[in-house]
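Undergrad: could you look at this predicted model? Sequence included:
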Amino acid sequence: MFLTMALLRKSIPGKQWIGKYRRPRPITWQMKRNMVKHLEREAANEYWLSRPYMTEEQECGHAAERRAQNWIRFKEAKFSNFPQHKSITDHLSHLRISKTWSS
């Protein structure tokens, strides 16, 4: 359909760079160079990801101590602003004006 429209009408309907029947872009040497660079970078990433720094035994639980210390530090920071404990006598001390029954 694209070929017949191009041959018969000698034009592309609508905007030529967008849509279903758009004009194909010519592939330039810059596009090829950029694609080769992209593929080389991707291959290098795959190479380094395929060789891990630590073994699975080393990796298992290697950050547990650091995470536990961070959690303790976080709890201490949260509870540092917590008010001090008060007993019930402190709360009800205003009710005891005098200890005598006769007044």
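TA: That came through, no problem. Numbering: from 1, shown residues only.
Undergrad: what's the mean pLDDT across the host helix or strand of Arg41?
TA: Secondary-structure element containing Arg41, defined by DSSP states H and E: helix 29-49. If you average the pLDDT over helix 29-49, you get 97.
Undergrad: which of the residues in that helix are buried?
TA: Within helix 29-49, no residue counts as buried by 16 or more other CB atoms under 10 Å. Quick note: C-beta positions are derived from backbone N, CA and C, even for glycine.
Undergrad: CA-only coordinates of the helix or strand following it in CSV, if you can.
TA: Per DSSP H and E, helix 29-49 leads on to helix 56-59 as the next helix or strand towards the C-terminus. Below are the C-alpha coordinates for helix 56-59, written out as CSV (Å, rounded to 0.1, in the frame of the first residue of the first chain):
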residue,chain,number,x,y,z
GLU,A,56,26.8,-16.1,47.3
GLU,A,57,28.1,-17.3,50.7
GLN,A,58,29.8,-13.9,51.4
GLU,A,59,26.8,-12.0,50.1
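Undergrad: what's the first helix or strand after helix 56-59?
TA: Sequence order places helix 64-79 as the next helix or strand after helix 56-59, per DSSP H and E.
Undergrad: after that following helix comes which helix or strand?
TA: Next helix or strand after helix 64-79 toward the C-terminus (DSSP H and E): helix 88-92.
Undergrad: in PDB, list the C-alpha atoms belonging to that next one.
TA: Provided in PDB are the C-alpha atoms of helix 88-92 (Å, rounded to 0.1, in the frame of the first residue of the first chain):
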ATOM      1  CA  ILE A  88       0.400   7.800  89.100                       C
ATOM      2  CA  THR A  89       1.300   9.700  92.300                       C
ATOM      3  CA  ASP A  90       2.700  12.500  90.200                       C
ATOM      4  CA  HIS A  91      -0.500  12.700  88.200                       C
ATOM      5  CA  LEU A  92      -2.800  12.700  91.300                       C
END
